[in-house]
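# what follows is a protein structure lacking sequence information:
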């Protein structure tokens, strides 16, 4: 909910409390996201390696804001994988 729908942590907390009667703190939602991020490192490295070996790869970048600062969202994809990666520099 926080990553795909970009809902604030407090709103996610309210949703779980009001809809499911499950008390979840905003800090717990943050920790869930952090844990998922850390566990996805192996997949990210594998996906980068697979994309680098592709016969054909589509690449794209677009500007985004992260904490009010300009970043670039890089996208690399082939027929099976898509990897989105934010970075402070364009063309990296």
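Everything's here; your move. The shown structure was predicted, so the numbers you read here are calculated from the model rather than taken from an experiment. Numbering: from 1, shown residues only.
# which helix runs longest in the protein?
Ranked by residue count under DSSP state H, the longest helix found in the chain is helix 26-39.
# look up phi and psi at the nearest residue in space to residue 88 that is not next to it in sequence.
Counting by CB to CB, 6 or more residues apart in numbering, residue 71 is the residue found nearest to residue 88 once chain neighbours are left out, at 5.7 Å. Bear in mind the C-beta positions are built from the backbone N, C-alpha and C, glycine included. Per-residue torsions, residue 71: phi -130, psi 170 (degrees, to the nearest 10).
# quick one, what contacts the residue in the chain sticking out farthest from the centre?
Outermost residue of the chain with respect to the C-alpha centroid, by CA atoms, centre = their mean, is residue 21; its distance is 27.4 Å. With CB atoms under 8 Å, 6 or more residues apart in numbering as the criterion, no residue contacts residue 21.
# now it: how far from residue 14?
Using CB to CB, to the nearest Å, we find residue 21 at a distance of 12 Å from residue 14.
# repeat for residue 50
For residue 50, the distance to residue 14 - CB to CB - is 39 Å.
# name the element the closest residue in space to residue 22 that isn't next to it in sequence belongs to?
Once flanking residues are discounted, residue 22 sits nearest to residue 16: 4.6 Å by CB to CB, 6+ apart. Per DSSP states H and E, residue 16 falls inside helix 9-20.
# does anything pack onto that helix? Which helices or strands?
helix 26-39 (3 or more CB pairs under 8 Å, 6 or more residues apart in numbering; DSSP states H and E).
# what sits up against the helix it packs on?
Residues outside helix 26-39 that contact it (CB under 8 Å, 6+ apart): 2, 3, 9, 10, 12, 13.
# so the residue nearest to residue 86 when sequence neighbours are not counted versus residue 63, what's the distance?
Of all residues not flanking residue 86 in the chain, residue 71 sits nearest, at 4.8 Å (CB to CB, 6+ apart). Distance, residue 71 to residue 63, by CB to CB: 7 Å.
# tell me which of the two has more neighbours.
residue 71 (16 against 9; other CB atoms under 10 Å).
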